[in-house]
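Enquirer: no sequence for this one, just the structure:
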Ligand SMILES: [Fe+2]
């Protein structure tokens, strides 16, 4: 018997899990329940965890091979699979899907609270499957046929500090461009979702300018408050989201306070559209 307790935090997305200790290896039975919950709720938060990077790596590794060193981001000195998400480096206050500019965006990402600001710095996660379902039939027919080019060179927030500029320069040092179907079919559930976010710069066959209003309209269905969970971090929180059918946003409202979350991501597969076609690189690293 396990004391695992899974409680939804909203009708469309998110659940909180108590009764699981990530400092110990979860039994196969408990892990199967956690995995099913991730598929069902898309974001899970484990409370009151007293864990290290090693525990986080072990937990994330249960879902599949870990994403190796991020191509452009600073990683932990002793472990390149851990990215300290530090507000002094950058603030991801834009809706995005992790590394969607590559052909294999992460399956999922785990985030562990390390240093929290005294206020603010919430994480928002939106259900992109609900966004797709909410489209009027006429708009859905258009979305079903579209493909989008995702690039790390899409418009991104600027921190405006010397350190921020350095991190930004490193992030843009190589150029990645990948074409993904705008409607992606989830490899496990078979459910379609709007696969967009901030790295989606333009639609295939259109200029950036022509694409923008269409992307904005589609994005507005994903970002509806009804489809979003807003997580207020507490010490000991460990969050995991399915990166294949969600987008997330780090709220930048904590002024000059320190905020560090350690990120470990799981390798994802090549996205597939409704017609069975797979994503393809438009431009690899230059
Ligand atoms: Fe992210």
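Expert: Noted; the coordinates are in hand. What you see is a predicted model, and the numbers here were worked out from it, not measured in a lab. Numbers count the residues shown, from 1 in each chain.
Enquirer: alpha carbons only for contacts and neighbour counts from here, please
Expert: OK.
Enquirer: and the helices in the stretch 151-286 of the chain?
Expert: 162-172, 208-222 (DSSP state H, counting those that start in this stretch).
Enquirer: rank these by pLDDT, which is bottom?
Expert: Here the lowest mean pLDDT among the helices of the stretch 151-286 of the chain goes to helix 162-172, at a mean of 91.
Enquirer: quick check: which ranges of the stretch 51-200 of the chain have low pLDDT?
Expert: For the stretch 51-200 of the chain, the stretches flagged by pLDDT under 70 are 69-71.
Enquirer: quickly list what residue 112 is bridged to.
Expert: residue 238, residue 262 (DSSP bridges).
Enquirer: whoops, residue 96 was the one
Expert: Counting by DSSP bridges, the residues bridging with residue 96 are residue 248.
Enquirer: and of the helices of the stretch 151-286 of the chain, who's closest to residue 23?
Expert: Taking Cα to Cα, helix 162-172 is the member of these nearest to residue 23, at 31.9 Å.
Enquirer: now do the buried residues in that closest one.
Expert: Across helix 162-172, burial judged by 16 or more other Cα atoms under 10 Å covers 164, 167-168, 171-172.
Enquirer: likewise stretch 42-51?
Expert: For stretch 42-51, burial by neighbour count (16+ other Cα under 10 Å) applies to 42-49, 51.
Enquirer: got a list of contacts for stretch 66-84?
Expert: Contacts of stretch 66-84 with the rest of the structure, by Cα atoms under 8 Å, 6 or more residues apart in numbering, involve 53, 57, 60, 106, 167, 170-174, 260-267.
Enquirer: weed out the non-buried ones from those.
Expert: When the contacts of stretch 66-84 are checked against 16+ other Cα under 10 Å, the ones flagged as buried are 53, 57, 60, 106, 167, 171-172, 260-267.
Enquirer: which among those gets closest to residue 4?
Expert: For the buried ones among the contacts of stretch 66-84, the nearest to residue 4 is residue 60 (18.0 Å; Cα to Cα).
Enquirer: just after whichever strand or helix holds that closest one, pick out the following helix or strand.
Expert: Take DSSP states H and E as the rule and residue 60 turns out to sit in helix 53-61. Next along the chain after helix 53-61, taking DSSP H and E as the criterion, comes strand 83-86.
Enquirer: how far does that following strand sit from its chain's centre?
Expert: Relative to its parent chain, strand 83-86 has a centroid offset of 14 Å by Cα atoms, centre = their mean, to the nearest Å.
Enquirer: stretch 148-158 too?
Expert: Its chain's C-alpha centre and that of stretch 148-158 lie 15 Å apart, by Cα atoms, centre = their mean.
Enquirer: in strands only, show me the buried residues of stretch 42-51.
Expert: 43-46 (DSSP state E).
Enquirer: pLDDT and distance to residue 111 for these - can I get that in CSV?
Expert: Compiled in CSV, those are given as follows (pLDDT from 0 to 100; distance: Cα to Cα, whole Å):
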residue, pLDDT, distance to residue 111
43, 98, 11
44, 98, 11
45, 98, 9
46, 98, 10
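Enquirer: show me the two of these that sit farthest apart.
Expert: Of all pairs in those, the most separated under Cα to Cα is 43 and 46 at 10.2 Å.
Enquirer: quickly list what's touching both of the two.
Expert: residue 239.
Enquirer: okay, now residue 103: neighbour count?
Expert: Using other Cα atoms under 10 Å, residue 103 is surrounded by 23 other residues.
Enquirer: what does residue 137 give?
Expert: Quick note: residue 137 (other Cα under 10 Å) scores 10 neighbours.
Enquirer: how far away is it from residue 144?
Expert: 10 Å (Cα to Cα, to the nearest Å).
Enquirer: and if you look at residue 125?
Expert: Taken as Cα to Cα, the span from residue 125 to residue 144 is 23 Å.
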